[in-house]
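**Student:** Take a look and give me a structure for this.
(2 chains)
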There are 2 protein chains.
Amino acid sequence: MGITIKKIASDLGLAVSTVSKSLGDSYEISEETKKRVLAYVKKLNYVPNASASSLKKRKTGNIAVVVPEVADSYFSTAINGIESVAQVKGYHVIIYITHEDQVKEQSILQQFKSGRVDGVLMSASSGKKITNHVKELFASKVPLVFFDRACEDIDAAKVLTNDFESGYRATELLLKKGCRTIAFLHMSENLHIIQERFRGYHKALQDNGIKPMKEYIVSCTSQDTKNHSLIKKLLSREGRPEGIVGSTEKLTTLTYTVCNELGLRIPGDTKIVGFSSMGIAPLLNPSLTTITQPAFEMGKTAATILFKILNGKKTDQIIEKVVIPSTLYERASTGE
Amino acid sequence: MGITIKKIASDLGLAVSTVSKSLGDSYEISEETKKRVLAYVKKLNYVPNASASSLKKRKTGNIAVVVPEVADSYFSTAINGIESVAQVKGYHVIIYITHEDQVKEQSILQQFKSGRVDGVLMSASSGKKITNHVKELFASKVPLVFFDRACEDIDAAKVLTNDFESGYRATELLLKKGCRTIAFLHMSENLHIIQERFRGYHKALQDNGIKPMKEYIVSCTSQDTKNHSLIKKLLSREGRPEGIVGSTEKLTTLTYTVCNELGLRIPGDTKIVGFSSMGIAPLLNPSLTTITQPAFEMGKTAATILFKILNGKKTDQIIEKVVIPSTLYERASTGE
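**Tutor:** Have a look, this model is predicted:
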């Protein structure tokens, strides 16, 4: 009997999986057992075969998820999609929040280069399109997959949704409902996905012979109070927009609050479509018409690609782009 | 000039903070710089003074937050409270989700014993009250602070809210509004905080001469579809409850959905109070009366205690219990 994992397991009275995992330095195995296995392996001069060394790719048993925020239905749902895959693979998901701060994001990614995790799933923070730190991570061969918010100039795998079409459809719906003045609320103008949503909005207006107007495009900030007054100003002006596209969940719910404060009726005084994965959109007053991103599915798909890379079924750094379409749910906020 | 960090910094042409952080093995410093500093320090036979060695407690620059879920307003808000403190301290917060799975929780805590993080903030998962793995972590001297869901039998610091009083007040409000039959929805009967909320509900009924009845206490599960039919059954029965206390956010919003499906009016046909930190509770149809836990404050306080431990300002393992009260917001779901 040659030296195989089976033999080692049998000699030591351990399960084959325990020996495999010990050789892969899995966190599931106690230090004591690992030491015992490694000492025996050393004694035998055993060299793990291809199958065993592929386990070596599993260095930490952890994958990192880097997101701007968790208090947002898109990200919390996408994380659950990621977990659904990681769970099956026996991996832990570790979540890091950037709060849209690129300096923080940089410092987080820095950690990964030293092998703290086996792979990274990332939704980039907004900001001034600085991507050097992400490029460095990618160059350091840490498996990386983007979801939702990708760095366009980095050739890592990406799982996206159809933001341009969604922006177009949201705007088109409002036009069909008779709105001629339509506002677009956004808070991260440097983000590609927001630019795409805006491009869709812009194109839908143009296709319908309406000139997009600067005063209906509201650039919000990271501060809720500032956004509150920006939206209040928009809704208090003469020529209040007949329709509103909220490109971010937070801005859409804030618009509801402002309408309540001003005594404006939705959809009577203004109609609203929001980008949101919020499960309780139908329970709002009025129920909210949404462009719902396939958040769970996107997380799940991104994690599946990452594990393909980790399993060596793909080259370490693959260029793959998966687009999963969003769904328009028409509800009372765009009704009569 | 004696050998001080200042001198070392000056000799090497580095900032004092860079030398400090290098001695503390901070992730913020490149390996190259750390090696350079350590080599020089060794050459000088420099022994760090008290201030420098206190930095040694900062081994990873990371603290872990272990929560059952992030798709819940309480936890996502508490995490933001924790981040608000960690940010100032220059620490990263890494989040682990247990999905109420104690085996998963066990495997996560296992990692921490090997020094992956400097400290742990934890909200325990529900389940059969197995706490051995938490006890082991605590015994291994990893600084640990509980928030919201504590293991009662472990003497670590705890940041809690007044669940008993809140359960009492929620029920009392419904009684004042004329409800005589009041249901209690819960999904984690092994959790101390849920038991406390239930105890408050029970006591309020008794104090008002109403006998608590088994058929109004609904034990839900982790499966949404199962819960959906349990709540549907409750609301379809003869003697439908006039009031409902939802002890978990998910069950409360599910009750709204079921009422919509059955054509029941809230508050006309049944009144609802929910435990929730949801910012958009006022935007629901009807706006939801809530017991709002001080989620952000609780996260912030727990993190502050943890950093006191890390800074050595408290003994490593302190017994401290902070209770921050929840607030009752009366809204339309308990109106006329």
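**Student:** from here on, contacts and neighbour counts on C-alpha atoms
**Tutor:** Will do.
**Student:** What's the separation between residue A:90 and residue A:140?
**Tutor:** Taking C-alpha to C-alpha, to the nearest Å as the criterion, residue A:90 is separated from residue A:140 by 25 Å.
**Student:** Can you pull the residues of the stretch 101-250 of chain A lying near chain B?
**Tutor:** A:107, A:108, A:110, A:111 (C-alpha under 8 Å from any C-alpha of the partner chain).
**Student:** Find the nearest non-adjacent residue to the first one, please.
**Tutor:** When you say that, I think you mean residue A:107. Nearest non-adjacent residue to residue A:107, counting by C-alpha to C-alpha, 6 or more residues apart in numbering or on different chains: residue B:28, 7.0 Å away.
**Student:** Just confirm the one you found is within a strand.
**Tutor:** No. Read with DSSP: H, G, I helix; E, B strand; the rest coil, residue B:28 is coil and lies in no strand.
**Student:** isn't it right next to residue A:106, touching?
**Tutor:** No. Counting by C-alpha atoms under 8 Å, residue B:28 stays clear of residue A:106, with 10.2 Å between them.
**Student:** Residue A:334 reaches residue A:289, doesn't it?
**Tutor:** Yes. Counting by C-alpha under 8 Å, residue A:334 touches residue A:289, with 6.4 Å between them.
**Student:** shared neighbours of those two, anything?
**Tutor:** Shared contacts of residue A:334 and residue A:289 (C-alpha atoms under 8 Å, 6 or more residues apart in numbering or on different chains): A:272, A:273.
**Student:** how about the strands in the stretch 201-336 of chain A?
**Tutor:** Assigned by DSSP state E, counting those that start in this stretch, the stretch 201-336 of chain A shows strands spanning A:217-219, A:243-246, A:271-275, A:289-292, A:321-323, A:327-329.
**Student:** So, low pLDDT: which residues of the stretch 201-336 of chain A?
**Tutor:** Per-residue confidence for the stretch 201-336 of chain A (pLDDT under 70) gives these ranges: A:313-319.
**Student:** switch to 50 and redo it
**Tutor:** Nowhere does the stretch 201-336 of chain A drop to pLDDT under 50.
**Student:** any idea where the helices of the stretch 201-336 of chain A begin and end?
**Tutor:** Per DSSP state H, counting those that start in this stretch, the stretch 201-336 of chain A carries helices over the ranges A:224-236, A:249-262, A:295-310.
**Student:** and of these, who's closest to residue B:122?
**Tutor:** helix A:295-310 (24.8 Å; C-alpha to C-alpha).
**Student:** Show me the contact partners of the closest one.
**Tutor:** So helix A:295-310 is contacted by A:57-58, A:74-75, A:77-86, A:118-121, A:143-148, A:157-160, A:277, A:314-317, A:324 (C-alpha under 8 Å, 6+ apart).
**Student:** Give me the buried subset of those residues.
**Tutor:** Among these, those buried by neighbour count (16 or more other C-alpha atoms under 10 Å in any protein chain shown) are A:57-58, A:74-75, A:77-86, A:118-121, A:143-148, A:157-160, A:277, A:316-317, A:324.
**Student:** List the ones among these that fall in helices.
**Tutor:** Residues of the buried ones among the contacts of helix A:295-310 located in helices (DSSP state H): A:74, A:75, A:77, A:78, A:79, A:80, A:81, A:82, A:83, A:84, A:85, A:86.
**Student:** Among those residues, find me the one that's closest to residue A:179.
**Tutor:** Distance to residue A:179, by C-alpha to C-alpha, is smallest for residue A:74 among those, at 27.6 Å.
**Student:** Contacts only, for that closest one.
**Tutor:** By C-alpha under 8 Å, 6+ apart, the contact set of residue A:74 is A:276, A:277, A:278, A:293, A:295.
**Student:** now that we have those, which one has the most neighbours?
**Tutor:** Highest neighbour count within the contacts of residue A:74: residue A:295, with 28 neighbours (other C-alpha atoms under 10 Å in any protein chain shown).
**Student:** where does the nearest residue to that one once chain neighbours are set aside land on pLDDT?
**Tutor:** Leaving out its chain neighbours, the residue that sits closest to residue A:295 by C-alpha to C-alpha, 6+ apart is residue A:78, at 4.6 Å. As predicted, residue A:78 sits at a pLDDT of 97.
**Student:** With residue A:112 instead?
**Tutor:** Looking at residue A:112, its pLDDT is 89.
**Student:** most tightly surrounded among the helices of the stretch 201-336 of chain A?
**Tutor:** Counting by mean count of other C-alpha atoms under 10 Å in any protein chain shown, helix A:295-310 has the highest mean neighbour count of those, with a mean of 23.
**Student:** Output the strands of the stretch 201-336 of chain A in CSV; the columns should cover distance to residue B:226 and mean neighbour count.
**Tutor:** Listed next are the strands of the stretch 201-336 of chain A as CSV, based on distance: least, C-alpha to C-alpha, whole Å; neighbours: other C-alpha atoms under 10 Å in any protein chain shown:
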stretch, distance to residue B:226, mean neighbour count
strand A:217-219, 43, 16
strand A:243-246, 34, 26
strand A:271-275, 29, 27
strand A:289-292, 25, 24
strand A:321-323, 33, 15
strand A:327-329, 25, 17
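**Student:** Distance of the residue nearest to residue A:107 relative to residue B:60?
**Tutor:** Distance check for residue B:28 against residue B:60: by C-alpha to C-alpha, it reads 10 Å.
**Student:** which one of those two has more residues nearby?
**Tutor:** residue B:60 (20 against 16).
**Student:** Run a quick check on the more buried one versus residue B:118, I expect a contact.
**Tutor:** Yes. Between residue B:60 and residue B:118 there is a contact at 6.1 Å, judged by C-alpha under 8 Å.
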